[in-house]
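>>> Fold the following.
(one chain, ligands or ions: 1)
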Amino acid sequence: MIPIVHHPAYVTEVPSRSTYRWGKNGAIRDLLQAEGARIDWHRPEPMPRRWLEAVHDPDYVDEVLAAAVPAVKTRRIGFPVTPPVAARAAMVPGGTWLAAMLALDHGFAANSAGGSHHALHETGAGYCIFNDLALAAVRLVEEGTVARVLVVDVDVHQGDGTAALTAGRADIATYSIHAEKNFPARKARSTLDVGLPDGVGDDAYLEALERTLVPLLDAFAPSLILYQAGVDPLAEDRLGRLALTEAGLVARERLVARLARARGLPLASTVGGGYGDDVMAIAARHVRAILTLGEAFGH
Ligand SMILES: [Zn+2]
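Numbering: from 1, shown residues only. Next up is the predicted model:
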């Protein structure tokens, strides 16, 4: 069985004037439910406030939890933070942390949301409110659960928030492989950034991923991988600039799983970017990534 973290709060109504596809999380849940007994469901708790405040500015945490985010930050986030959106924002990082705890026991587990890699110290950005990857990583190392966490971010956009929020820490490293010309225009500095030119396809992408990730895995020797499995490097993605195929995304998940398993490393995945008009197709890509990883870990 594949351990999956999900909470009803993940599935929120579409806020007015939003271009973001909130229906995605409901579709992901439905597609996973259709897998029946293969899935072992787990329900998270919200990330405790002390951890939210350990990573984000306490004033910004207040603004989000009170659903009173100033307009300038709302614009950077890309949608209004209503009370249900605020509840979701605190729940999703709890889910990424729980997926990591489950991965330590089972080798692999997935959060059915998350990957909010653009969220910064004092504000959200790019459809991200709280940075679940940085929050989970900081909590895992500061509670002494694991010694070192590597965040592997394969979303087509750079994991700038995660890099900025964990910069200078010896116990957290960040890897981002992305389209160099894509959002964000101003990149942060990850432990290792692999900025790809526009139009890169499956073979060149997989070659670059393996060639750059293996030395970092071996040099940093993490205890656990947090994996942001964005599906927006796909050729037809509305916000991507790369040219991967569906088969290329599957090969990517198999490659990352193989590298982790060869080193005995547990891996917890989150979803990530995936943009276009066909919500079901995007949700199906996220579910395919989760199931591919689960199979590769022997579930
Ligand atoms: Zn993205």
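
>>> element containing E207, please.
helix 202-220 (DSSP states H and E).

>>> Any buried residues in that helix, and which?
202, 205-206, 209, 213, 216-217, 220 (16 or more other Cβ atoms under 10 Å). Just so you know, the C-beta spots here come from the backbone N, C-alpha and C atoms, and that holds for glycine as well.

>>> Format those as CSV; extra columns: pLDDT and distance to the ion.
Formatted as CSV, the buried residues of helix 202-220 follow (pLDDT from 0 to 100; distance: Cβ to the ion, whole Å):
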residue, pLDDT, distance to the ion
D202, 98, 18
Y205, 98, 15
L206, 98, 19
L209, 98, 16
L213, 98, 18
L216, 98, 21
L217, 98, 23
F220, 98, 24
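
>>> Same list, those, but as a markdown table with distance to F183 please.
A markdown table is the format used below for these (distance: Cβ to Cβ, whole Å):
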| residue | distance to F183 |
| --- | --- |
| D202 | 23 |
| Y205 | 19 |
| L206 | 23 |
| L209 | 20 |
| L213 | 22 |
| L216 | 24 |
| L217 | 27 |
| F220 | 27 |
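
>>> re earlier: in the sheet, which strands lie alongside the helix or strand following the helix holding E207, parallel or antiparallel?
The helix or strand immediately downstream of helix 202-220 is strand 224-228, counting by DSSP H and E. Using DSSP bridges, strand 224-228 pairs in its sheet with strand 149-153 (parallel), strand 267-270 (parallel).

>>> To the ion, which of those lies closest?
Proximity to the ion (Cβ to the ion) singles out strand 149-153 among these, at 9.2 Å.

>>> Alpha carbons of the closest one, as CSV, please.
C-alpha atoms of strand 149-153 as CSV (Å, rounded to 0.1, in the frame of the first residue of the first chain):
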residue,chain,number,x,y,z
VAL,A,149,17.3,16.9,4.6
LEU,A,150,17.8,17.4,0.8
VAL,A,151,15.0,19.1,-1.0
VAL,A,152,14.9,18.0,-4.6
ASP,A,153,12.7,20.3,-6.7
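
>>> That strand near the ion at all?
No: with Cβ under 5 Å from the ion as the measure, strand 149-153 is seen stopping short of the ion, the closest distance being 9.2 Å.

>>> residue contacts, the nearest residue to R148 once chain neighbours are set aside?
Using Cβ to Cβ, 6 or more residues apart in numbering and skipping the chain neighbours, the partner closest in space to R148 is P222 (4.7 Å). By Cβ atoms under 8 Å, 6 or more residues apart in numbering, the contact set of P222 is 148-150, 173, 265.
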